[in-house]
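requesting a structural model of the entry that follows:
(6 chains)
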There are 4 protein chains.
Amino acid sequence: MIQVNYQDSRPIYQQVHDGFRRQILAGVLRPGDQLPSVRELSTRLAVNPNTVQRAYRELEQEGCVYSVRGKGSFVADASDAARAHQAELLGRFDSLVQELQALGVTPEQLRQRLEGGTT
Amino acid sequence: MIQVNYQDSRPIYQQVHDGFRRQILAGVLRPGDQLPSVRELSTRLAVNPNTVQRAYRELEQEGCVYSVRGKGSFVADASDAARAHQAELLGRFDSLVQELQALGVTPEQLRQRLEGGTT
Amino acid sequence: MIQVNYQDSRPIYQQVHDGFRRQILAGVLRPGDQLPSVRELSTRLAVNPNTVQRAYRELEQEGCVYSVRGKGSFVADASDAARAHQAELLGRFDSLVQELQALGVTPEQLRQRLEGGTT
Amino acid sequence: MIQVNYQDSRPIYQQVHDGFRRQILAGVLRPGDQLPSVRELSTRLAVNPNTVQRAYRELEQEGCVYSVRGKGSFVADASDAARAHQAELLGRFDSLVQELQALGVTPEQLRQRLEGGTT
DNA sequence: GTGGTCTAGACCACG
DNA sequence: GTGGTCTAGACCACA
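Residues are numbered from 1 along each chain as shown, chains lettered A, B, ... in the order given. As a prediction, the model looks like this:
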């Protein structure tokens, strides 16, 4: 499910983090689902356990995941994290639009692109 | 014209690079205009000359700027760089839209946002 | 009576421990009352018997509970444990107050908060 | 300035973190002040650089500190973090008061303690 | 020189 | 078995 790409400029821990977060926010992983253990995932991805641990820790700090010592790591109720994440993406959307318009792209072109993606 | 913010998470060389690129693509700096010398800019910004050097080098690699030994650095014809840059931004736009829709944001909501930003 | 919450950051043995201690110190459980057996409670809570065992052991070490081989665990005279516990909480109270005052919160504000909570 | 106590139940990285946060929020360290470098502090405290690094990283995630690669770590404008921290402490204050009252401590006793600490 | 990431592997706490 | 902390030391990006 999670993949690591050494060509990616993002650090590995963040690729793992982003991968899970996306799946959680998209509903692929649902509240209460158990994540693979740190050890299992680290061997599967052939990375250091610390690296996976850090990804999980940051997910937990964001409220996407909760960990129980001796039991495992689980998907948390996503509502809060989801709302924050959506707000962040909309902010990025706005600034991208602004930048594109500064380069001469018309809102009309962007609107057409929106429809294109709906297909 | 160019400013450096130490609290910005981007490295300084990239702030310098982004600042010039934006001005070039937006038409503030026009083809043939001369950029400040590495030495002058580095003292003005109170940063290491290497840092400015690297910003100029990357601008040149992108085709935004050309250097003439012993003369200085000049803004190149923007068309090529602009086209590439615009394509990159549009790609980011598409993937952002896709992700937002995965989170349940409707194209209608995004369209309204587009109009809001047109002001 | 006792509940376990896996989302709680405290380990389970401590949730069990704290739950009993609170009930004992508050007088819900009175000296001489019998606690449920380790086996019964562990099945009721669906946790490992070791976990309950440890909670009981620590309660006993604190003097909140005493065990009689072959009979069970019973609430001890609370006075000793209560005094120790109250002293500990008062200590925490003092250091909290000190820290809040260092941040500019006036004793007056805290006094008002005290009254608010009396309701 | 910062000390590590191996008897303390808190992990080392958190002792370092808490120590700096307290000094920052109390105004001992002021916005813009430079923190000791990761390497310097780690040798001074005789701990691993990673441990200090983690403390700094979490301070940065909280907005107490900002780090610039190649330059150092600096105290951020504390206002936001301070407000959040104070709210957290007041919450702890309330629940402590509630617990103490459940044990029979009167608000009057607590009020006297407040004045005692003012000295 | 600075901070940031990663590995290899240890030990602890918990169930 | 699980997650959490820590060490020792490497390598990279940046100034």
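
avg pLDDT for stretch A:87-96?
Per-residue pLDDT values across stretch A:87-96 average out to 89.

near chain B at all, it?
Yes. On the criterion Cβ under 8 Å from any Cβ of the partner chain, stretch A:87-96 is in touch with chain B at A:89-90, A:92-94, A:96. Using the backbone N, CA and C atoms, a C-beta is placed for each residue, glycine as well.

determine how far that stretch lies from the middle of the whole chain.
15 Å (Cα atoms, centre = their mean, to the nearest Å).

can I get the residues of stretch A:87-96 next to chain B in JSON lines with distance to chain C?
Formatted as JSON lines, these follow (distance: Cβ to the nearest Cβ, whole Å):
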{"residue": "A:Leu89", "distance to chain C": "27"}
{"residue": "A:Leu90", "distance to chain C": "29"}
{"residue": "A:Arg92", "distance to chain C": "31"}
{"residue": "A:Phe93", "distance to chain C": "33"}
{"residue": "A:Asp94", "distance to chain C": "35"}
{"residue": "A:Leu96", "distance to chain C": "37"}
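
list only those of the residues you listed flagged as buried.
Neighbour counting by 16 or more other Cβ atoms under 10 Å in any protein chain shown classes A:89-90, A:93, A:96 among those as buried.

residue contacts, A:Gln15?
Taking Cβ atoms under 8 Å, 6 or more residues apart in numbering or on different chains, we find A:Gln15 in contact with A:2-5, A:8.

which of the residues you listed fall within strands?
Assigned to strands by DSSP state E, none of the contacts of A:Gln15 qualify.

nearest to A:Asp80 among those?
A:Asp80 has its nearest neighbour among the contacts of A:Gln15 in A:Ile2, at 22.9 Å by Cβ to Cβ.

check which helix or strand A:Leu29 maps to.
Assessed by DSSP states H and E, A:Leu29 sits outside every helix and strand.

about what we covered before: chain B: which of the contacts of A:Gln15 is nearest?
A:Asp8 (14.5 Å; Cβ to the nearest Cβ).

next one: the closest residue to the closest one other than its chain neighbours from DNA strand E, what distance?
Among residues not flanking A:Asp8 along the chain, A:Gln15 sits closest, at 5.9 Å (Cβ to Cβ, 6 or more residues apart in numbering or on different chains). Here the criterion is Cβ to the nearest atom of the strand, to the nearest Å. By it, A:Gln15 lies 8 Å from DNA strand E.

please see if the host helix or strand of A:Gln15 touches DNA strand F.
Taking DSSP H and E as the criterion, A:Gln15 maps to helix A:12-25. No. If you take Cβ under 7 Å from any atom of the strand as the test, helix A:12-25 misses DNA strand F, and the best it gets is 12.0 Å.

average pLDDT for that helix?
According to the model, helix A:12-25 has a mean pLDDT of 92.

returning to what we had before: just the ones of the buried ones among the residues of stretch A:87-96 next to chain B in strands?
Per DSSP E, the subset of those in strands is empty.

with these in mind, which one is nearest to D:Ser79?
Taking Cβ to Cβ as the measure, A:Leu90 is the one of these closest to D:Ser79, at 25.8 Å.

I'm done for today, thanks for sticking with me.
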